[in-house]
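>>> kindly generate the corresponding structure for this input.
(chains A and B)
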2 protein chains.
Amino acid sequence: MESLKLGNHAHQKRIEATSAYMKKLFIMPDSSDRFVEFGIHLLDMIHDFFKEKGGIHSSVSIEELVEIFNKTDIPCSPMLIKDVLSEIKNNVIKHSVKVANPYYIGHMTSAIPYFMILLEMIAVSLNQNQVKIESAKASSLVEREFLCWMHRLVYNNTDQFYAANVQNPNIALGNITSDGTISNLTALTLAMAKAFPADGKAFRGVRIEGLVRALDYYGYRQAKVLVSKRGHYSICKAGTILGIGEKGVAHVPVHPCEHKIDISRLYQIIERTRRKDKLVGKPTKFVAIVGIAGTTETGNIDDLDELARVSEEIGTHFHVDAAWGGGALLMDAEREMMKGIEKADTVSLDAHKLLFAPNSMGICLFKNDRDSKLLYHTSNYIIRKGSIDQGRFTIEGSRQFASLKPWASLKVLGKNGYRLIFAHARKLQSTFVDLVEKDPLFELLNRPQLYIINYRFVPEELKTELDTLMQNPKQNAEKITALNRMINTMNIELHKTIREHDTSFVSRTRLESTCYAPRKIVVLRAITVNPNTEPYMLRKVLNEHRSMGIRIWEEMKGTIDRCGQECGHSVSAR
Amino acid sequence: MESLKLGNHAHQKRIEATSAYMKKLFIMPDSSDRFVEFGIHLLDMIHDFFKEKGGIHSSVSIEELVEIFNKTDIPCSPMLIKDVLSEIKNNVIKHSVKVANPYYIGHMTSAIPYFMILLEMIAVSLNQNQVKIESAKASSLVEREFLCWMHRLVYNNTDQFYAANVQNPNIALGNITSDGTISNLTALTLAMAKAFPADGKAFRGVRIEGLVRALDYYGYRQAKVLVSKRGHYSICKAGTILGIGEKGVAHVPVHPCEHKIDISRLYQIIERTRRKDKLVGKPTKFVAIVGIAGTTETGNIDDLDELARVSEEIGTHFHVDAAWGGGALLMDAEREMMKGIEKADTVSLDAHKLLFAPNSMGICLFKNDRDSKLLYHTSNYIIRKGSIDQGRFTIEGSRQFASLKPWASLKVLGKNGYRLIFAHARKLQSTFVDLVEKDPLFELLNRPQLYIINYRFVPEELKTELDTLMQNPKQNAEKITALNRMINTMNIELHKTIREHDTSFVSRTRLESTCYAPRKIVVLRAITVNPNTEPYMLRKVLNEHRSMGIRIWEEMKGTIDRCGQECGHSVSAR
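Numbering: from 1, shown residues only, chains lettered A, B, ... in the order given. Predicted structure coming up:
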């Protein structure tokens, strides 16, 4: 084995490829000592990266990075491991995003417990392939046990049910997937199979016969999925893949400010569709209603109980996309907010979000254990009929042993540990809300539920004007629009400044469902789930953003005044 | 931080959940020493696992494992990390499948270079999310550079093309996916979009309008994908997801023995479809022809040049599923076998197969850089219009930094290193073929190309009889069928015995395309890509299998003789 000191990146050595050397790379060294030494260097490196001060995204520009990563062909000669690690250290790690930084509060994945690194080492060393029991023995059973835990978390069925099914090889309580998008795709694939089932007569089910024949056979004019306008883009993507198209996904408006599906508008859409059905002479098949817990942009939760009722009423599959919120079911208060989720036929839930596993692992749960059979498939060389392979039910084929990580994490942290983490997230949320609400220069634009806060910077003078105008919103519609447009520009500018400053990070989106609906409002988006974030840090972040906002506004005002003098308009008139 | 000695599994301690403890778990310890100590224990553990003698699959029964993994609820109190690791050691690692064992020659994933563990540690520590540049800076560029390497490996376009596109943010040369199945789904989703494009007038493309309207608008009666009978089951699965159904995937017979698509049969199917089209008065849209390099069961490669020609002739997308063989393009001789792959519009390729990355990572390459735009999507909070996020083109959403592993591996091993590995695989293949062909008790059932050998055990007396019968196959059809049925039973029994014995592992499948076509023949399947496997081991494996086969045959003969005496039949007559 080669010497361990990380090589000088400038003097990378090309070495000769020999069979003996290649072979050596594929076996663990005779003594673990040398391997461990490598590991130690690496752990030190990782440690340094986490401790390192400086910007969140590294100050390097994309153009500079392009200069580094512009080799267009595979290297010919082997390089020493230490040289490659050294290159990774200097070029990759150094310019990675410090997502674990406590001031990185803009995306859903942030810090993970450090023992995840240890678990991942185990998973990769074992290199099991979950598709088949022949290449994944104990790991198949760990996966099933973990799915049982998740199923109970959501559905809380009886002890007998779980005792009978925790390791029942004939069904699946859920699938482990690569992420929430594939979980949603899995759920909707299942919903399609349920909507157009084999009837034991002339029709063998949509999965065999295809969508055109399915609609024709059952006499439907179209298939529709219903979800709120806050639905994750993966629902639309699923529509584009499943053959119903983006047009097959109807987006139901949400209650302004609350960002929750408007049930009366849902009924309107259903009624309107039925009227059209009558004209055409053929009904629409509603394949699924998708509820959200909580939405990616605002963290708000649909009224799942109501959606379950409507789903039952119109006889459709009820799916809940809890990719974000699912893990928070461990917390009683959060469970209360998600009431009705236990009525969902399928539920998506991401382990790399609120279970704090590394990127990425999704879960798609099936309420009814028999439903998994709707996804069933076999093949000759693998997952033969009568086999107990997990691959029988999944959309993916080869899969790593990803479930080890959340499974072990639920043991190390325990329900009680997770609850403390969510309590902290909740505390951070209320701190942030409080700071925003009390600050005359910020405006809150959602009613935060699951640790996501939408807010924006609004100069006091504009806020006063806006409040006045909003007393007669219809009469002042144009002015309100103009004013919001200016505030939008200002907040895009603010977000860019935050990115350039790089000492904190929040994300940005554009919502049509604020109190200014249907105007599209640019909002900043903070997510308060990093256990390393402290309330004082949030104060610091908002103070910084306020200063930046003020500077931007001063500059804008200067421009506007100059323009105003030239064009004869006042600020408020634009 | 807790003490480091791995806990006694029998005395797992439940500890109290405190906020301070939870917080500690989320930060790297102040000094890396303690973390490293943990790492050392773990590395030792992994080391032991690899060195451990004994069975490949562990002798534990599924029933015994069920007794271990039958907890139906999430634990409440936290457990010490060392206790959880100890539990993993005793219950999970111990009962994992030793896929790196040099006698494990039955599946496509076997040993991986040990430095993959180091690379995975880096990837998980960074926890980048490749969906978006805001959460994946340098790693987005590494991914692009790696995709450029793969694109050149397959398509070998000009230096100018790669210089212009290696970091071109407006397009993607390919997608990183979770596995070959999602790569094939990506390719066929793209093929659908190409088959039913927006026309700038009344039709906005199949992804928006859906399949029913697409067929209607363009006046087609159906959409079809063409693939050989050796096609991976993921092609069929893609059919079930994409709305064309299993029936939308036509399986073309292959040449017996060669297991390659029979081009004349492909034409027959196309012609037959067109005749039917004429009767119905509407044409069929051929969405894609899928070529294979090489097939999962037999490792054989379709005539890709011919398939490219047919695809052009009938105006359809040409996809090559090189999930298995793609990596071997690094080897010139193998490239020659895959001639025509460079004409494919899309190519699937698995990193966890012949690039020797851990489970699992797929790649879907797009020949035409503009094609990636057919998969394009945006959303407000992420992958906004004008962004350079990788998530714009992918079916998945959140993704780990998986490309680091094959990217770094191509540096450490180099093209030259990979070539030596494939040369070794080829040597093992010819050794195995040689042993099987020279052994009167084994029969070879494919012409191995990409390191996969199909063979079976046949007692000498039956082989002689079979050979005689095969001189007049039509006349002796029934007897040939009966004899093969008996040999099938024997080989299923042999495979079970191999599994029970557990000192070596080959897999098993059932092929209709052997020299006995169309009879379904049970074959054993050996895959010779583990760099740790040596020719003498293959001899040992086959010797063992031969002894087992002889024992099984002796027993069978006893039963048959008894039955024969009772029923008055001879062996050959059944």
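
>>> just the strands from chain A, written as ranges.
Secondary structure of chain A (DSSP state E): strands at A:174-177, A:222-228, A:249-252, A:284-292, A:317-321, A:346-350, A:362-366, A:442-444, A:452-457, A:507-511, A:521-527.

>>> wouldn't residue A:55 be in contact with residue A:500 here?
No: Residue A:55 is beyond contact range of residue A:500, at 9.5 Å (criterion: Cβ atoms under 8 Å). Using the backbone N, CA and C atoms, a C-beta is placed for each residue, glycine as well.

>>> coming back round to it: looking at the strands of chain A, spot the one closest to chain B.
Closest to chain B of the strands of chain A, according to Cβ to the nearest Cβ: strand A:507-511, at 3.6 Å.

>>> and that closest one, what other elements does it pack with?
Applying 3 or more Cβ pairs under 8 Å, 6 or more residues apart in numbering or on different chains; DSSP states H and E, one finds that strand A:507-511 contacts helix A:477-501, strand A:521-527.

>>> which of the ones you listed sits most buried?
Ranked by mean neighbour count, the helices and strands packed on strand A:507-511 are led by strand A:521-527 with a mean of 25 (mean count of other Cβ atoms under 10 Å in any protein chain shown).

>>> helices and strands around that one, which ones?
If you count contacts as 3+ Cβ pairs under 8 Å, 6+ apart, strand A:521-527 packs onto strand A:452-457, helix A:477-501, strand A:507-511, helix A:535-567.

>>> pLDDT averaged over the longest one, what's the number?
The pLDDT scores in helix A:535-567 average 91.

>>> ok, that helix near chain B or not?
No: contact of helix A:535-567 with chain B (Cβ under 8 Å from any Cβ of the partner chain) is absent, the minimum separation being 13.0 Å.

>>> could you check the angle that helix makes with strand A:452-457?
For helix A:535-567 against strand A:452-457, the angle by axes from the mean of the first three to the mean of the last three Cα atoms, to 10 degrees is 40 degrees.

>>> report the buried residues of helix A:535-567.
Within helix A:535-567, the residues scored as buried using 16 or more other Cβ atoms under 10 Å in any protein chain shown are A:535, A:537-538, A:541-542, A:544-546, A:548-549, A:552-553, A:556, A:560.

>>> how far does that helix sit from its chain's centre?
Offset of helix A:535-567 from its chain centre (Cα atoms, centre = their mean, to the nearest Å): 32 Å.

>>> what do you get for stretch A:102-119?
How far stretch A:102-119 lies from its chain's middle: 14 Å, per Cα atoms, centre = their mean.

>>> average pLDDT for it?
For stretch A:102-119, mean pLDDT rounds to 92.

>>> so, in contact with chain B or not, it?
Yes: applying Cβ under 8 Å from any Cβ, one finds stretch A:102-119 touching chain B at A:106-107, A:109, A:111-119.

>>> show me what from the stretch 401-550 of chain A comes close to chain B.
The stretch 401-550 of chain A has residues A:401, A:404, A:408, A:410-417, A:419-421, A:423-424, A:505, A:507-511, A:525, A:530-532 near chain B, with proximity defined as Cβ under 8 Å from any Cβ.

>>> per-residue confidence for the residue nearest to residue A:127 when sequence neighbours are not counted?
Among residues not flanking residue A:127 along the chain, residue B:358 sits closest, at 5.1 Å (Cβ to Cβ, 6 or more residues apart in numbering or on different chains). Listed pLDDT for residue B:358 reads 97.

>>> distance of residue A:337 relative to residue A:557?
Noted for residue A:337: a distance of 42 Å to residue A:557, by Cβ to Cβ, to the nearest Å.

>>> and if you look at residue A:231?
Residue A:231 is 39 Å from residue A:557, by Cβ to Cβ.

>>> nearest spatial neighbour of residue A:185, chain-adjacent residues omitted?
residue A:238 (4.7 Å).

>>> same question for residue A:444.
residue A:436 (4.9 Å).

>>> my guess is the one you found contacts residue A:445, does it?
No: here residue A:436 lies out of contact with residue A:445, judged by Cβ under 8 Å, at a distance of 9.3 Å.

>>> name the residues contacting each of these two.
Common contact partners of residue A:436 and residue A:445 (Cβ atoms under 8 Å, 6 or more residues apart in numbering or on different chains): residue A:455.

>>> quick one: average confidence on the longest helix along chain A?
Identified as the longest helix of chain A according to DSSP state H is helix A:404-438. Mean pLDDT, computed over helix A:404-438, is 97.

>>> next, the buried residues of it.
Of the residues in helix A:404-438, A:404-422, A:424-426, A:428-429, A:431-433, A:435-436 count as buried by neighbour count, 16+ other Cβ under 10 Å.

>>> between it and strand A:521-527, how many degrees?
With the same axes, to 10 degrees defining the directions, helix A:404-438 sits at 130 degrees from strand A:521-527.

>>> what about the residue nearest to residue A:444, distance to chain B?
Counting by Cβ to the nearest Cβ, to the nearest Å, the gap between residue A:436 and chain B amounts to 18 Å.

>>> for residue A:231, same thing?
In terms of Cβ to the nearest Cβ, residue A:231 sits 10 Å off from chain B.

>>> over to residue A:479?
Residue A:479 is 25 Å from chain B, by Cβ to the nearest Cβ.

>>> just checking, that residue touches residue A:472?
No: using Cβ under 8 Å, residue A:479 is not in contact with residue A:472, being 10.0 Å away.

>>> coming back round to it: now the longest helix of chain A against strand A:346-350, angle please.
For helix A:404-438 against strand A:346-350, the angle by the same axes, to 10 degrees is 80 degrees.

>>> same for helix A:404-438, what does it pack against?
In terms of contacts (3+ Cβ pairs under 8 Å, 6+ apart), helix A:404-438 is packed against helix A:115-126, helix A:138-155, strand A:442-444, strand A:452-457, helix A:535-567, helix B:19-26, helix B:81-87.

>>> wait, which of the ones you listed is closest to residue B:191?
Among the helices and strands packed on helix A:404-438, the nearest to residue B:191 by Cβ to Cβ is helix A:138-155 (32.5 Å).

>>> and that closest one, average pLDDT?
Per-residue scores along helix A:138-155 average to 98.

>>> check whether that helix contacts chain B.
Yes: part of helix A:138-155 sits near chain B under the criterion Cβ under 8 Å from any Cβ, namely A:138-139, A:141-142, A:144-145, A:148-149, A:152-153.

>>> CSV for those residues, including neighbour count?
Converted to CSV, those look like this (neighbours: other Cβ atoms under 10 Å in any protein chain shown):
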residue, neighbour count
A:138, 26
A:139, 28
A:141, 25
A:142, 26
A:144, 25
A:145, 19
A:148, 26
A:149, 21
A:152, 20
A:153, 22
